[in-house]
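>>> Output the structure for:
(2 chains)
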Amino acid sequence: MAFLRDVYTILVEYYPQLLAGVKNTLLIALTGTVAGLLIGLLTGVVRTAPLSGNPMLRALHKILNAIIAVYVEIFRGTPMMVQAMVIYWGYAFATQGNTLALLPSGILIVSINTGAYMAEIVRGGIISIDRGQFEGAMSIGMSHTQTMLRVIIPQVLRNILPAVSNEFVINIKDTSVLNVIGVTELYYFAGIIKRQNFQTFQTYMVVCVLYFIMTFTITCLLRFVERKLEGKDTYTIFGSQSSSKAQIQIRNGEG
Amino acid sequence: MKKAWIMIVALACIIGCVGCSAQAERVDVKNATNLSDLAGAKIAAQNGTFHAEAAQQIENVQASTYPEFADLLTALKSGAIDGYVAEEPTAKSVCKTDSTLTYVPLVNNDTGFTATAADVGIAVGLKTSSALRDKINGVLATVTEEQKQTLMEQSMALAAGETVEAFALASEVPTAPNGTLKVGMECAYEPYNWTETEAKTMGAVPISGEGKEGLYANGYDVQMALYIANKLGMKLEIYAIEWDSLLPALESGAIDAIVAGMSPTAEREEQIDFTQTYYESNLVVIIKK
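Numbers count the residues shown, from 1 in each chain, chains lettered A, B, ... in the order given. Presented below is the predicted three-dimensional model:
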């Protein structure tokens, strides 16, 4: 009972801080994931593009590939907490005491970290598209850019959606490490509340529930989007020259 | 199926064994009055502080460290540790708000150990050969020992939710400041510096920095920093920075001074400069009554 009363007091007394924390956490996670996906798409397309016949372009492409490979390996292979410290204080040392604004630097760190994972997710997504799709597009005279933009990427996006939503959920949780540089996300405020009321367990229990509400809502939302993208379960395939039947009825995904 | 069951039972046995072996003998420290009564106890201290070294003065101590000061109290209350090392003002402040706690002085009569001023005295940290050093030393020289003691008493009172009439250190905020003094502190170390989610106590100063709107700092360090800034004719800005980031923040120039209850130890002196001390206290071990 005393526990519930403590929790209630925390909610009533510190709801402005908790709300501000939730807002910043969602903001950083959402922008970070979207920016990371863009980085991933860009690097994915570059890395899967065929090498040009022009020796200059060919060399440039190879250098670009190498840079991307180094970027992916470094940011995937080091903890985000360490990256935050290195980037934030590295910038301060490099500029003789100017510090990056906290929220943008939080978004930056999450973006480049997510980008490194997304690069691999997108690359996998492009590779998984059937060879015939590329050949088909080429055969009707599409350039590589057209093939990518109009045929491959739309399919890639749908295929990698589960992996992207996974990254989003991970980001909501992982923004908590940004408290080391003082970004005011939810975990940072949990620390501030804990140091005032000295109720460590109760405070983190509240924050735990808040994190779960955020991640669970996002998971449900993205699953809904996934189902929408799959299209209707029930549809009709109309007969053609190759099929003797006039119409084929598909109900609930089965013929 | 059978194999799976055997595996589960074996795993349970292993976990059980580990759990039992971890249950080391606990020392009863309830009625401890000096350091020798704490022999063999589980004593913790904050990471990266002199307190962690001082804990070794206790005979057969099972020492451990925690990253944050607030965690030590939680650990003590939960029974995970028997006591933790703190400075006397902190101990007084904590014991004032929690009547189940008490403390014993950390003085080892056998080895003659008492912490020196460099160990527990606290000073303002500055960038090496900073011009501020002489200026701040000049200001600190005007503060009497009595004023320091009274200000600490007042900070403890504020931390315990009591009210204070007027601070022992009075100064006027300059109307036309000749610069800004950026001061870094943890804002998590009662009664030296703490955070408030609204200006609850007298003299609380808003914390600077993006996203820190509505957060205030107060405590002995805050009032001392305010006094120094006012006397130098500068505008005070307080930044809440993690303990481990205070030194990089100062060295990179993100802040001008550390006023965070930091002791001028030899290791730190290699990287930054310190002013004269602005408070000296004794080390204690906080335990349950």
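>>> Nearest spatial neighbour of residue A:148, chain-adjacent residues omitted?
residue A:45 (5.8 Å; CB to CB, 6 or more residues apart in numbering or on different chains). Where C-beta positions appear, they are placed from N, C-alpha and C, glycine not excepted.
>>> Helix or strand: which one has the one you found?
helix A:2-48 (DSSP states H and E).
>>> who's in contact with the residue nearest to residue A:148?
A:122, A:126, A:148, A:153 (CB atoms under 8 Å, 6 or more residues apart in numbering or on different chains).
>>> Skip the chain neighbours and tell me the closest residue to the second one.
Just to be clear, that refers to residue A:126. residue A:48 (4.8 Å).
>>> gap between the one you found and residue A:157?
15 Å (CB to CB, to the nearest Å).
>>> and what of residue B:119?
For residue B:119 relative to residue A:157 (CB to CB), the value is 61 Å.
>>> Does the closest residue to chain B within the stretch 1-150 of chain A belong to a helix, a strand or coil?
Chain B sits closest to residue A:97 of the stretch 1-150 of chain A, with a gap of 2.4 Å, by CB to the nearest CB. Assigned with DSSP: H, G, I helix; E, B strand; the rest coil, residue A:97 falls in the coil class.
>>> Tell me the pLDDT of whatever residue of chain B ends up closest to chain A.
Residue of chain B nearest chain A, by CB to the nearest CB: residue B:253 (2.4 Å). On pLDDT, residue B:253 comes in at 92.
>>> doesn't residue A:94 make contact with it?
No. Residue B:253 is beyond contact range of residue A:94, at 10.8 Å (criterion: CB atoms under 8 Å).
>>> And the two? Which one has more around it.
residue B:253 (16 against 10; other CB atoms under 10 Å in any protein chain shown).
>>> contacting residues for the closest residue to the more buried one other than its chain neighbours?
Nearest residue to residue B:253 in three dimensions, chain neighbours excluded: residue A:97, at 2.4 Å (CB to CB, 6+ apart). Each residue near residue A:97 by CB under 8 Å, 6+ apart is listed here: B:252-254.
>>> coming back round to it: between residue A:48 and residue A:157, who's got more neighbours?
residue A:48 (18 against 15).
>>> quick one: low-confidence parts of the stretch 1-150 of chain B?
B:1, B:13-25 (pLDDT under 70).
>>> ok, the residue nearest to the spatial centre of chain B - contacts?
Centroid-nearest residue in chain B, with CA atoms, centre = their mean: residue B:189, separated by 4.3 Å. Listed by CB under 8 Å, 6+ apart, the contact partners of residue B:189 are B:69, B:90, B:219, B:260-261.
>>> and the gap between it and residue B:275?
With CB to CB as the criterion, residue B:189 and residue B:275 are 19 Å apart.
>>> can you check residue A:134 too?
From residue A:134 to residue B:275 the distance is 70 Å (CB to CB).
>>> Have a look at those two and say which one is more surrounded.
For residue A:134 versus residue B:275, neighbours defined as other CB under 10 Å are more numerous around residue B:275 (24 against 19).
>>> Can you list the strands that the strand or helix carrying the more buried one pairs with?
Here residue B:275, judged by DSSP H and E, is contained in strand B:273-279. Strand B:273-279 has its sheet partners listed here by DSSP bridges as strand B:122-126 (antiparallel).
>>> what comes up buried for stretch B:100-108?
B:101-104, B:106-108 (16 or more other CB atoms under 10 Å in any protein chain shown).
>>> As a markdown table, those residues with secondary structure and distance to chain A would be great.
Converted to a markdown table, the buried residues of stretch B:100-108 look like this (DSSP: H, G, I helix; E, B strand; the rest coil; distance: CB to the nearest CB, whole Å):
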| residue | secondary structure | distance to chain A |
| --- | --- | --- |
| B:101 | strand | 11 |
| B:102 | strand | 17 |
| B:103 | strand | 16 |
| B:104 | strand | 21 |
| B:106 | coil | 22 |
| B:107 | coil | 27 |
| B:108 | strand | 29 |
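>>> What is the burial count for residue B:270?
For residue B:270, using other CB under 10 Å, the count is 8.
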